[in-house]
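Enquirer: Pasting the sequence and the predicted coordinates here, then a few questions.
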Protein chains: 2
Amino acid sequence: MPRGRHRGFDRDDVLARAMAVFWEHGYEGSSMAMLTTAMGINSPSLYATFGSKERLFRESVELYGQHAGSRTRRALTDQPTARAAVAAMLADNIEEYTRPGQPHGCLVVLSAPVGAPDHADVRTFVRTLRDDVRAAVRDRLDRGVADGDVPAGTDTRALAAFYVTVLNGLSLQARDGRPTAELTATADAALAAWDVLAPAAA
Amino acid sequence: MPRGRHRGFDRDDVLARAMAVFWEHGYEGSSMAMLTTAMGINSPSLYATFGSKERLFRESVELYGQHAGSRTRRALTDQPTARAAVAAMLADNIEEYTRPGQPHGCLVVLSAPVGAPDHADVRTFVRTLRDDVRAAVRDRLDRGVADGDVPAGTDTRALAAFYVTVLNGLSLQARDGRPTAELTATADAALAAWDVLAPAAA
DNA sequence: CCATTTTTGTATCGGTCGGCACAAATTAAG
DNA sequence: CTTAATTTGTGCCGACCGATACAAAAATGG
């Protein structure tokens, strides 16, 4: 057992509460007062446990990636074909983006698209994660080419960029309060392009 | 001539400079110090001329709508068919989003997607403008149906939602520094869906 | 010239920002 | 029970936030 006084709160629990605040209001829009209130702890406890607001944010984003943010990764790995993977990626994220009782849209997309020059490193951090998603989608498309369910010669780079653009756009629409059915219709429209750009191999 | 001492700066000029700051850093990311420095005036002059930071932002957004933000409106009105209108909307905005010497992406989309509860009205303001764009796109599609260049029975609501989602997504991609060619390829992919969802009338 | 009006720069307002000193409180080890 | 270690709550730090008070400066009309 640790030597001194024990921590009176659960680290994972208060981190989840912090994540919810960042998710709702973004990095700059979340003040320390809002965070400590939501987490139910005082500022010294926060700093002793997480170091700084920025480090708390980074941990929050990592936690997000393990839960709500895991949809994309799972869809890309679990589905048998590239088309099914992209379709599942869109559908699963739409479900997550519009889930009642939590902020709409993706934390990684919405929390720091712009901001003050002082917080440029935070923006770089989430942008890198977005880049990772784009790369993952492209890798999945390339695997589809290797597997034979995507035609050889398909511009997987362009196709990945397209679906990531739609996915990120869906976060904005969800945050704007657009109805789930509208997002689903958008995903269907995006998938309609698939059969033109990467028609099912013979 | 006005009675007292004359204003030592051009109102439109300093407003354009303020717009550039909001465009680059967003609403909350732009401090009064940054604004006054960029505008080349002191804070009392700013308040005497524009009233408050929020009103300065609203005027900046209106100015944006008259310049960089006018691409969408013009594309929707000038093109002869709905498909050409949507294609021009995407292409012209991509050109604008990636223009050298100015912030990438759309001010209306990027400047206040999330933020502190105190600034909810600012977010509502830009969200309303985004809603107007969606409505304008749908109206253009409906006109296409009336004109006969869009098949009767086309779900114009869904199609408008799709292209607005792509358009907003493009702002994020542009701000993330994606190359113009990639955005263009994305627009091409989005247009590939057109011929499936709204095939050219016989 | 004078009187009036408006803008200017300086200096500062109260409030909040992120972050921390400090001592009381709480725990395990000796 | 004492000692050492760690967390707790209180209170506050300097810096910056958006926004103004104030008087000097600069313009007009008389």
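Expert: On my side now, so go ahead.
Enquirer: Which helix runs longest in chain A?
Expert: Assignment by DSSP state H gives helix A:120-147 as the longest helix of chain A.
Enquirer: element containing the residue of chain A found nearest DNA strand D?
Expert: Among the residues of chain A, A:Gly4 lies closest to DNA strand D, at 2.2 Å counting by C-beta to the nearest atom of the strand. In short, each C-beta sits where N, CA and C put it, glycine included. Using DSSP states H and E, A:Gly4 sits in no helix or strand.
Enquirer: Now A:Arg175: phi and psi?
Expert: Per-residue torsions, A:Arg175: phi -70, psi -30 (degrees, to the nearest 10).
Enquirer: Tell me which residues touch the closest residue to it other than its chain neighbours, please.
Expert: Excluding the flanking residues, the one nearest A:Arg175 by C-beta to C-beta, 6 or more residues apart in numbering or on different chains is A:Gly105, at 3.9 Å. By C-beta atoms under 8 Å, 6 or more residues apart in numbering or on different chains, the residues touching A:Gly105 are A:Tyr97, A:Leu170, A:Ser171, A:Leu172, A:Gln173, A:Ala174, A:Arg175.
Enquirer: distance of the fourth one from B:Gln79?
Expert: Put plainly, it is A:Leu172. Distance of A:Leu172 to B:Gln79, given as C-beta to C-beta, to the nearest Å: 25 Å.
Enquirer: With neighbour numbers in mind, choose between those two.
Expert: Between A:Leu172 and B:Gln79, counted using other C-beta atoms under 10 Å in any protein chain shown, A:Leu172 has the larger neighbour count: 28 against 17.
Enquirer: excluding its backbone neighbours, what's nearest the more buried one?
Expert: B:Asn168 (4.8 Å).
Enquirer: Help me confirm that that neighbour comes into contact with A:Leu170.
Expert: No. Look at B:Asn168 against A:Leu170 with C-beta atoms under 8 Å: they stay out of range, at 9.1 Å.
Enquirer: which neighbours do these two share?
Expert: Common contact partners of B:Asn168 and A:Leu170 (C-beta under 8 Å, 6+ apart): none.
Enquirer: Verify the stated contact: A:Gly177 with A:Tyr97.
Expert: No. Using C-beta under 8 Å, A:Gly177 is not in contact with A:Tyr97; the gap is 11.1 Å.
Enquirer: In chain A, what residue comes closest to chain B?
Expert: Nearest to chain B, among the residues of chain A, is A:Gly169, at 3.0 Å (C-beta to the nearest C-beta).
Enquirer: Measure how buried that residue is and give me the count.
Expert: Number of residues near A:Gly169 (other C-beta under 10 Å) recorded here: 28.
Enquirer: Now for it: which residues touch it?
Expert: A:Gly169 touches A:Thr186, B:Val164, B:Thr165, B:Val166, B:Leu167, B:Asn168, B:Gly169, B:Leu170, B:Leu172, counting by C-beta under 8 Å, 6+ apart.
Enquirer: Give me the buried positions along the host helix or strand of A:Ser171.
Expert: Using DSSP H and E, A:Ser171 maps to helix A:156-175. Neighbour counts over helix A:156-175 (16 or more other C-beta atoms under 10 Å in any protein chain shown) mark A:156, A:158-175 as buried.
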